[in-house]
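Undergrad: what follows is a predicted protein model with its sequence.
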Amino acid sequence: MRDEWKMRCPPLSRRPFARAEKAICESGKVLSMHGMTIARSVAMIAAVGLVSAGFALAQASRQPKSRSRVAPKPIPVAPTGGLLRLTFSKSSPLNTLNTLLDRLDIKDPDSLASRKIGDQDLGFGSDRSKWIPDISKESFTVFVPPHDDPNVPYGLFIWLGVGDVQANWQDVFVRHKLIAVATGGTLGTHRTKDFGVYTLPIDAVFNLKQRYPINEQRIYACGFSAGGCLAIRLVKVYPEVFSGGLFLMGGAFTGMTHHGNENGPWEATALAEYPLWRGDYERRRRDVKLVIMKGGADREWRPQEGRSDADALILDGFERVSYLEVPGWSHQPPNRLWFEKGVAALETPPRKPPATAPTTDPRPGPAQVAQAHRWLVSAQKELESVARMQPELRRQLEQQKRYDAFVQHAREKARQYLERTIGDYPTTPAARQAKKMLNDLGDPNGGRE
């Protein structure tokens, strides 16, 4: 049986940027190990900096060097109607190291100084002053649609990779009045030695708001595959910056399990994926706009996973969640038609969430039945983390004398979730199954499996 992370990392020859994605997924493997610390898990996030972001149409705009060596014309202030390469001198007040460590819940920043994933050195180094890039040394590829009505502000669309913005998306930005930005410096830049994958998007928003009229309710993060994972993180931890996002064939808001079978069923737990939501949670559930898109034939981020993730968000009370599935589409960015459907879905009106409150009613509602099942699945995932543990990981934990503690922790968490299923939703099918599983667990102080 392959590890779950391998499913998201096909052979390197199958697509560009695969080496970057493989490193990201290998670090994601660490995330799934319950015994690892949050700080070590967060080290994986900077590896998302391997994502390379840019505009495909920027390449077409490059002209051969003139033999006369004519100096390029300076970019005017707040230009409109084309593709630009911009630089900025001011960094967002949010981009301080302390703020980043807090938002990302990094308890042990020293662990970021020196680390490797496979044969790749991803350490930030000991000089923390270099962990946040100097904004004046970075550049941003920006597409600004024509601006014919100063009374109607732009929206802002931050592209995070993997890969380039598709050339035929340009007319979508025009129709939806979106300034589109590719962060990460020049095309092909790999950010693995600093927090640039987080700070540069924030700096782009901060500076473009100084140059253009921007509707703060239409500032979106977007990415494909591993870029979708990064977009989710930015939307979750920067509530004052992003009003939503479009997540293309990558990433999940909710913890998932496939019960050891990559073909499914993929089911959502009741637990949020790292990092946790920041800001006023009630307001975020009401206002944040989330569009999840999956390919119907994708075998890396499978459509059932996307459907389960969207359903879980709705059960959690999020009012502006949309799920789109491209029929027969493999693991690649969507075409222009489906990309525009995703952009349009960002403006879907809010929908009242279903009732999921605990109940003793002998006829619980469908959403209550579904929510109870999520707590049951949470317990199942904990127990499966022991039963399906890879031999290599088990040997490592045993050598570190941590295996017994791992088992005890997993059993205790599973017990808590089963008891919650029974206590909150006693009349549901999940509660009946939870009672059986709880009985099988036996003594709360049970020993090693």
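TA: Yep, that arrived.
Undergrad: what does the pLDDT read for Gln371?
TA: Gln371 carries a pLDDT score of 97 in this model.
Undergrad: got it, and Pro146?
TA: pLDDT, Pro146: 88.
Undergrad: can you list the weak-confidence ranges in this structure?
TA: With pLDDT under 70 as the threshold, the chain has low-confidence stretches at 1-81, 117, 184-191, 443-449.
Undergrad: so what's the spatially most central residue of it closest to, chain neighbours aside?
TA: By C-alpha atoms, centre = their mean, the chain has its centre lying nearest to Cys229, at 2.5 Å. With C-beta to C-beta, 6 or more residues apart in numbering as the criterion, Cys229 has its nearest non-adjacent residue at 4.0 Å, and that residue is Gly251. (Each C-beta comes from the backbone N, C-alpha and C, glycine too.)
Undergrad: the one you found contacts Lys236, doesn't it?
TA: No - using C-beta atoms under 8 Å, Gly251 is not in contact with Lys236, being 10.4 Å away.
Undergrad: neighbours around the residue nearest to Cys229, how many?
TA: 25 (other C-beta atoms under 10 Å).
Undergrad: residues in contact with the top strand by length along the chain?
TA: Criterion DSSP state E: the longest strand present in the chain is strand 214-224. With C-beta atoms under 8 Å, 6 or more residues apart in numbering as the test, strand 214-224 has contacts from 51, 53, 153-163, 178-179, 201, 205, 208-209, 228-231, 234-235, 241-251, 289, 333, 346.
Undergrad: residue ranges for the strands of the stretch 251-400 of the chain, please.
TA: Taking DSSP state E, counting those that start in this stretch as the test, the strands found in the stretch 251-400 of the chain are 254-257, 267-272, 289-295, 321-326.
Undergrad: just those strands: most buried one?
TA: strand 289-295 (a mean of 26; mean count of other C-beta atoms under 10 Å).
Undergrad: packing partners for that strand?
TA: strand 244-248, helix 303-315, strand 321-326, helix 336-345 (3 or more C-beta pairs under 8 Å, 6 or more residues apart in numbering; DSSP states H and E).
Undergrad: nearest to Val377, of these?
TA: Across those, Val377 has its closest neighbour in helix 303-315 (9.5 Å, C-beta to C-beta).
Undergrad: can you give me how far that closest one is from the chain middle?
TA: Its chain's C-alpha centre and that of helix 303-315 lie 14 Å apart, by C-alpha atoms, centre = their mean, to the nearest Å.
Undergrad: please apply the same query to stretch 237-250.
TA: So, by C-alpha atoms, centre = their mean, the centroid of stretch 237-250 is 8 Å from its chain's centroid.
Undergrad: hang on, the earlier thing: okay, the helices and strands packed on strand 289-295, which one's buried deepest?
TA: Of the helices and strands packed on strand 289-295, strand 244-248 is the most buried (mean count of other C-beta under 10 Å), at a mean of 27.
Undergrad: tell me the strands beside that one, with direction?
TA: Strand pairing for strand 244-248, using DSSP bridges, gives strand 214-224 (parallel), strand 289-295 (parallel).
Undergrad: make JSON lines out of those strands and add distance to Lys137.
TA: Converted to JSON lines, the strands paired with strand 244-248 look like this (distance: least, C-beta to C-beta, whole Å):
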{"stretch": "strand 214-224", "distance to Lys137": "23"}
{"stretch": "strand 289-295", "distance to Lys137": "33"}
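Undergrad: can you list the domain ranges for this structure.
TA: 4-345, 366-441 (automatic domain parsing).
Undergrad: what's the closest of the ones you listed to Lys352?
TA: domain 4-345 (7.0 Å).
Undergrad: what about Lys130, neighbour count?
TA: Counted with other C-beta under 10 Å, Lys130 comes out at 12.
Undergrad: hang on, the earlier thing: if you look at the contacts of strand 214-224, which of them are in strands?
TA: Those of these lying in strands (DSSP E): 53, 154-159, 163, 178-179, 244-248, 289.
Undergrad: ok, now which ones touch Ile357?
TA: For the record, residue 357 is Ala, not Ile. Contacts of Ala357 by C-beta under 8 Å, 6+ apart are Gln368.
Undergrad: count the residues that sit near Val175.
TA: Actually, residue 175 is Arg. It isn't Val. Count around Arg175 with other C-beta under 10 Å applied: 12.
Undergrad: surely Ala434 is within a helix?
TA: Yes - counting by DSSP: H, G, I helix; E, B strand; the rest coil, Ala434 is part of a helix.
Undergrad: from memory it sits against Leu376, does it?
TA: Yes - at 5.5 Å, Ala434 counts as touching Leu376 under the criterion of C-beta under 8 Å.
Undergrad: so what sits against both of those two?
TA: 418, 421.
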